[in-house]
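Peer 1: With the input below, show me the fold.
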Amino acid sequence: MKSIALGVLLALAAAGSAQAQTTSVYDLLGPGLPAGHFNLYPSVSYEYMYDDNILFMSTDLPGSVPVASGVNVLRARFLADLPLRDGRVRMLYAPFFRSYTNDRFVPEDQINQVLGVEGTFHQSGRVAIGFRDDYAKGTLSLQEQVVRNGVPFGLGHYEVHNPRLDFGMRVGLRQGFSILPSYSHSAFSGLVSGFGQAVDYGYTTKAIEGRYNYRLAEPATAYLYSILDRTLQTVSDAPDVTIRSNTVGLGLTRTLHALVVTQVSVGYETMQFDGGVGEDFSGPVGEANVSWEVANLNRINVVVLRRPYASIYFDSNYYLATVGQVRWIRQLWRSSYLDAAATIQQSDFVPVQGVGREERLMRAEVGLGHEFLRHLRGYAGFNVEQRESNVVQMTGGVGADPFNYQLHRFIFRIEAGWM
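Peer 2: Reported below is the predicted structural model:
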């Protein structure tokens, strides 16, 4: 019975983490409200966060005064689940109202929109189809919404649209093929730390991935993959850049109770930049995401990644990110859990000439969640973050790092409803 409770609490921990605002919006933890053929999952939450550096301003530059503020977030979540004979359709609408207690920052959007839909069809048949479409618009943090984007962190008006499809075909008992086309468009306008001015930037990516799958055993599948994508990068006061990427590699997934607990991939990627400045990229890439459940009370998750990403800095086309994260979730009592994580990311930029920019991001977080009643949950957490680089800017004869910032956040969240 403890393992079942842990599974529910693990999902609550993923939703409660300070860094996971949209990653688990389609996950369901229990039965909803029946309404004809649908199951409805309405919920509402209130969150208060105190952040001592909401604009990610440098804490190293002389005269820099970071903006500290309390942040109030009132969020509604409406999810409708339509079970099908061999699949499902889920529709999401999750608007939220965000306000700041410090008048030094006035958000462009107080009412923010999050919409989405996903579906799976013919999952046990020879031909399976899946789709997902996510849309978000509002005054959002780049760091909160986009991971490893190559952009100095900032806060401003942000919009993203990301539809994707998954066509799969089984051939015999062990083999199969998959085709995964996708489209992604994002646009940001706001103050970005390090630039000292408002920046408009956007990405539009069209990609297609092909896979050959081979089931090694019931829970494990190996696959060969190839990805082709084309990206248009636009940045204010800079020429547009077209990025052509090709990746081939080998991967392995392992599932337990319909959840992916191990995913490892290694490959070789090339990136060509038309209109950019600097070198193209070619080299090995890899990613691993592995979870262990220990003694029915602990879950340990380890993530390791090495991959290039496009840069908006004018003196380099791309940077190479090396990321490591460890997360530990511990069930304390039947309805409580402790969540702790540590992350480090090293970003190495390849310049046209001279010494390349190096940036390091370190983050630690801890939180405590509790399910008071079946439809009432709470979460309190704290995280600290620091970013530093090898860039030195002389101001009044004193050298300082304009990209160095520190911040501390306290988060309290209460949520009522069906999940």
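Peer 1: Provide a list of residues in contact with residue 380.
Peer 2: 367-368, 410-413 (C-beta atoms under 8 Å, 6 or more residues apart in numbering). (Each C-beta comes from the backbone N, C-alpha and C, glycine too.)
Peer 1: Mind checking which of those residues are buried?
Peer 2: Buried residues within these, counting neighbours by 16 or more other C-beta atoms under 10 Å: 367-368, 411, 413.
Peer 1: I'd like the average pLDDT over the helix or strand where residue 320 lies.
Peer 2: Here residue 320, judged by DSSP states H and E, is contained in strand 316-333. In this model, strand 316-333 has an average pLDDT of 92.
Peer 1: What helices and strands are in contact with that strand?
Peer 2: Judged by 3 or more C-beta pairs under 8 Å, 6 or more residues apart in numbering; DSSP states H and E, the packing partners of strand 316-333 are helix 2-16, strand 259-274, strand 281-294, strand 298-310, strand 336-351.
Peer 1: could those be laid out in a markdown table, adding mean pLDDT?
Peer 2: A markdown table is the format used below for those (pLDDT from 0 to 100):
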| stretch | mean pLDDT |
| --- | --- |
| helix 2-16 | 46 |
| strand 259-274 | 89 |
| strand 281-294 | 92 |
| strand 298-310 | 92 |
| strand 336-351 | 92 |
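Peer 1: for the ones you listed, which one sits closest to residue 88?
Peer 2: Of all the helices and strands packed on strand 316-333, strand 259-274 sits nearest to residue 88, with 15.7 Å by C-beta to C-beta.
Peer 1: Sheet partners, orientation included, of the closest one?
Peer 2: If you go by DSSP bridges, strand 259-274 pairs up with strand 241-256 (antiparallel), strand 281-294 (antiparallel).
Peer 1: just to revisit the earlier point, just want the angle from the strand holding residue 320 to strand 281-294.
Peer 2: Put simply, strand 316-333 runs at 0 degrees to strand 281-294, going by axes from the mean of the first three to the mean of the last three C-alpha atoms, to 10 degrees.
Peer 1: Strand 316-333 relative to strand 336-351, how many degrees between them?
Peer 2: Using the same axes, to 10 degrees: strand 316-333 against strand 336-351 is 170 degrees.
Peer 1: Describe which strands strand 316-333 pairs with in its sheet and in which direction.
Peer 2: Strands that pair with strand 316-333, judged by DSSP bridges, come out as strand 298-310 (antiparallel), strand 336-351 (antiparallel).
Peer 1: how about stretch 335-350: buried residues?
Peer 2: Buried residues in stretch 335-350, defined by neighbour count with 16+ other C-beta under 10 Å: 335-339, 341, 343, 345-350.
Peer 1: Now whatever helix or strand residue 408 lives in - C-alpha only, CSV.
Peer 2: In this structure, residue 408 sits in strand 405-417 according to DSSP H and E. Provided in CSV are the C-alpha atoms of strand 405-417 (Å, rounded to 0.1, in the frame of the first residue of the first chain):
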residue,chain,number,x,y,z
TYR,A,405,23.2,37.0,-10.3
GLN,A,406,22.0,35.4,-7.1
LEU,A,407,18.4,34.9,-6.0
HIS,A,408,16.4,33.3,-3.3
ARG,A,409,12.8,32.2,-3.4
PHE,A,410,10.2,31.1,-0.9
ILE,A,411,7.1,29.5,-2.2
PHE,A,412,3.8,28.6,-0.6
ARG,A,413,1.0,27.0,-2.5
ILE,A,414,-2.5,25.7,-1.6
GLU,A,415,-4.6,23.8,-4.1
ALA,A,416,-8.1,22.5,-4.0
GLY,A,417,-9.9,20.3,-6.5
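Peer 1: tell me what that strand is packed against?
Peer 2: So strand 405-417, by 3+ C-beta pairs under 8 Å, 6+ apart, packs with strand 38-51, strand 376-389.
Peer 1: partners of it in the sheet?
Peer 2: Strand 405-417 sits in its sheet next to strand 38-51 (antiparallel), strand 376-389 (antiparallel), going by DSSP bridges.
Peer 1: can you put those strands in CSV and add mean pLDDT and distance to residue 319?
Peer 2: Listed next are the strands paired with strand 405-417 as CSV, based on pLDDT from 0 to 100; distance: least, C-beta to C-beta, whole Å:
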stretch, mean pLDDT, distance to residue 319
strand 38-51, 95, 26
strand 376-389, 94, 11
